[in-house]
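In: Here is a sequence together with a model predicted from it:
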Amino acid sequence: MIASGVGIGSEFGLSKAGGYRYSPALHDFTPSSGGVSYVANGRAALGLAIRRLRQMAKDGRDGVLLPAYLCHSMIQPFREQGLRIGFYPVASDLSIDPADVSERIDTTTLAVLWMHYFGFGQPLDLLSPLAKDHPHVAIIDDRTHMLGTDLLAAEMRSSAAVHVYSARKWGPFPDLGLVIWPKAPAASEPLSGLMDGGYDFSFVFWRFVGVVLRTLYFAFPVEPLRGQSLSSFRRAEDRLDRRVRVCQASAISRFLWHHWQWADACRIRRANFRYLLERWAATDASPLCGELPDSVCPLGFPIRTADRERLRQRLIAHQIFPPVHWLRPAQVPACDFPQAAALAEEELTIPIDQRYTWQHMDRILEMVG
């Protein structure tokens, strides 16, 4: 049986078993230049970045280029703000060729969304030439999957981009997105004028209820607590899917963020990733990332398998809950982006986060064969 009694994967809770490790020391994520805005979630971070960039452009450009391999939720803030959306290719090894992006930029392009996957970043030197060749185009660098890696290696971000993060993939934060600006906004153009005001109360309320119930579930693993916690998380997600509110993050999430023992979380994720990589023997599924550089904190252990649903259901039947990153959005035509479409059909992420030990990894290895 699984040591924790509650399975492997799914949502976090506010305890060590639930993935939160408290640190009495404060930590910050503010760069040496520029500033940081704490907002309700990753989609709100994208929304704030878009509003700021449109305010700065002042020329009516309304086009944006997104990677063809992405979550459907990332499209929402661009669509809600009336931007015309195009896509660029992502290769089967998760790399992005700036030339593919560059050839799709035209005079109406306001911004390009740059993307990184599973903690393994695109080379930093790729962004500078893109910014130099297209100085009128802004770059929004979505580094959600790079949060742990960026905490390990400070100041690895490009000065040519606005950087956005969502924290809830990494720990039990009821609501928290971050926008890191390449330079501090001028006092004459306060960001508060671009916010919707207040908090996204409904979203943070249901997320907080879910986190609390999930915390109780880790202490008392009974089915009603599990079901009620997931129901609360689904309510929060449903409200966010209806509309992205560009609001500030709640005080509780900011407190948890500033007292999160992220170094322990990164250490455990790295150890679990390495443990699986060194022992992986499944012939019908292969690791998507075949090495673990010293600077990387992995989001999960992504694999590719041609029979994903069969493997996924087998793991779920044994209380292992692997997320898919991601199902292909309907807006991305598979015929135009075959490598990204194949990734979307075959990718599965094995949970390796700070809740788990090598015993949990052994259980996963047993189930994948």
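Out: Received, thanks. Worth saying up front: this structure is predicted, and the values here are computed from it rather than measured.

In: ok, Tyr217 to Gln248 distance?
Out: Distance check for Tyr217 against Gln248: by C-beta to C-beta, to the nearest Å, it reads 29 Å. All C-beta atoms are positioned from the backbone trio N, CA, C, and that covers glycine.

In: lowest-pLDDT helix or strand in the protein?
Out: Sorted by mean pLDDT, DSSP states H and E, the helices and strands of the chain end with helix 127-133, the least confident at a mean of 88.

In: Moving C-terminal from that helix, which element do we reach first?
Out: strand 138-142 (DSSP states H and E).

In: thinking again about what came up before, list the buried ones in the least confident helix or strand of the chain?
Out: 127, 130-131 (16 or more other C-beta atoms under 10 Å).

In: Dump the residues you listed into JSON lines; add distance to Pro333 as well.
Out: Output for the buried residues of helix 127-133, formatted as JSON lines (distance: C-beta to C-beta, whole Å):
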{"residue": "Leu127", "distance to Pro333": "26"}
{"residue": "Leu130", "distance to Pro333": "24"}
{"residue": "Ala131", "distance to Pro333": "28"}
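
In: which one of these is nearest Asp175?
Out: Nearest to Asp175, judged by C-beta to C-beta, of these is Leu127 at 28.6 Å.

In: Point out where the chain drops to low pLDDT.
Out: For the chain, the stretches with pLDDT under 70 are 1-4, 30-34, 154-158, 184-190.

In: all strands for it, in order.
Out: Along the chain, counting by DSSP state E, strands occupy 8-9, 35-39, 63-67, 84-88, 109-115, 138-142, 162-166, 177-181, 286-287, 301-304, 320-321, 347-350.

In: Columns distance to Val101 and mean neighbour count on top of those, output as JSON lines?
Out: Formatted as JSON lines, those follow (distance: least, C-beta to C-beta, whole Å; neighbours: other C-beta atoms under 10 Å):
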{"stretch": "strand 8-9", "distance to Val101": "33", "mean neighbour count": "23"}
{"stretch": "strand 35-39", "distance to Val101": "26", "mean neighbour count": "20"}
{"stretch": "strand 63-67", "distance to Val101": "6", "mean neighbour count": "23"}
{"stretch": "strand 84-88", "distance to Val101": "5", "mean neighbour count": "18"}
{"stretch": "strand 109-115", "distance to Val101": "6", "mean neighbour count": "24"}
{"stretch": "strand 138-142", "distance to Val101": "10", "mean neighbour count": "24"}
{"stretch": "strand 162-166", "distance to Val101": "16", "mean neighbour count": "25"}
{"stretch": "strand 177-181", "distance to Val101": "21", "mean neighbour count": "23"}
{"stretch": "strand 286-287", "distance to Val101": "27", "mean neighbour count": "14"}
{"stretch": "strand 301-304", "distance to Val101": "23", "mean neighbour count": "22"}
{"stretch": "strand 320-321", "distance to Val101": "34", "mean neighbour count": "17"}
{"stretch": "strand 347-350", "distance to Val101": "22", "mean neighbour count": "22"}
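
In: need those in CSV with distance to Asp196, can you?
Out: Output for those, formatted as CSV (distance: least, C-beta to C-beta, whole Å):
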stretch, distance to Asp196
strand 8-9, 33
strand 35-39, 10
strand 63-67, 20
strand 84-88, 22
strand 109-115, 20
strand 138-142, 19
strand 162-166, 17
strand 177-181, 13
strand 286-287, 41
strand 301-304, 34
strand 320-321, 33
strand 347-350, 32
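
In: And those: which comes nearest Leu230?
Out: Minimum separation from Leu230 across the strands of the chain (C-beta to C-beta) falls at strand 320-321, 10.4 Å.

In: partners of that closest one, with directions?
Out: Applying DSSP bridges, strand 320-321 is found paired with strand 8-9 (parallel).

In: what does the partner strand rub up against?
Out: Strand 8-9 has contacts (C-beta atoms under 8 Å, 6 or more residues apart in numbering) with 2, 319-323, 351, 355-356, 360, 363-364.
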